[in-house]
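*Asks:* this one's sequence-less:
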């Protein structure tokens, strides 16, 4: 794992999740494969293995750089800007 400048810029404490699942998938009637949570604002989106890739779409729309797994028992983080686990 590497440390990036984006992790140091994240709000503390971690934001509260906006939803228990991907709200965009719910509206579309799609099933998210895995969930990710934005560590800037708390948006919950589906992963890139899901049909609509809402977590990546959220990053592209907002520029928010770091998300974490929103799956129980997982705590890894991904920086979209650096393209690495942080």
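*Replies:* Looks like it came in fine. Since this is a predicted model, take the numbers as computed values, not measurements. Numbers count the residues shown, from 1 in each chain.
*Asks:* What is the neighbour count of residue 74?
*Replies:* 11 (other Cβ atoms under 10 Å). Where C-beta positions appear, they are placed from N, C-alpha and C, glycine not excepted.
*Asks:* in what helix or strand does it lie?
*Replies:* Using DSSP states H and E, residue 74 sits within no helix or strand.
*Asks:* if I pick it, what's in contact with it?
*Replies:* residue 68 (Cβ atoms under 8 Å, 6 or more residues apart in numbering).
*Asks:* measure it to residue 55 for me?
*Replies:* Taking Cβ to Cβ, to the nearest Å as the criterion, residue 74 is separated from residue 55 by 14 Å.
*Asks:* and what of residue 26?
*Replies:* 15 Å.
*Asks:* who's more crowded, those two?
*Replies:* The residue with more neighbours, out of residue 26 and residue 55, is residue 55; 29 against 13, by other Cβ under 10 Å.
*Asks:* Next, the contact list for the more buried one, please.
*Replies:* 22, 35-36, 38, 45-48, 67.
*Asks:* Could you check how many residues crowd around the residue nearest to residue 14 when sequence neighbours are not counted?
*Replies:* Sequence neighbours aside, residue 39 is the residue nearest to residue 14 in space, at 6.1 Å (criterion: Cβ to Cβ, 6 or more residues apart in numbering). When counting by other Cβ under 10 Å, one arrives at 23 neighbours for residue 39.
*Asks:* Likewise for residue 67?
*Replies:* 25.
*Asks:* What of the one 10 residues further on?
*Replies:* Burial measure for residue 77: 19 neighbouring residues, criterion other Cβ under 10 Å.
*Asks:* re the thing from before, now, of the contacts of residue 55, which are buried?
*Replies:* Listed as buried from those are 22, 35-36, 38, 45-47, 67; burial here means 16 or more other Cβ atoms under 10 Å.
*Asks:* Just the ones in strands from these, please.
*Replies:* Using DSSP state E, the members of the buried ones among the contacts of residue 55 that fall in strands are 35-36, 38, 45-46, 67.
*Asks:* Could you list the low-pLDDT ranges of this protein?
*Replies:* Low-confidence segments of the chain (pLDDT under 70): 1-3.
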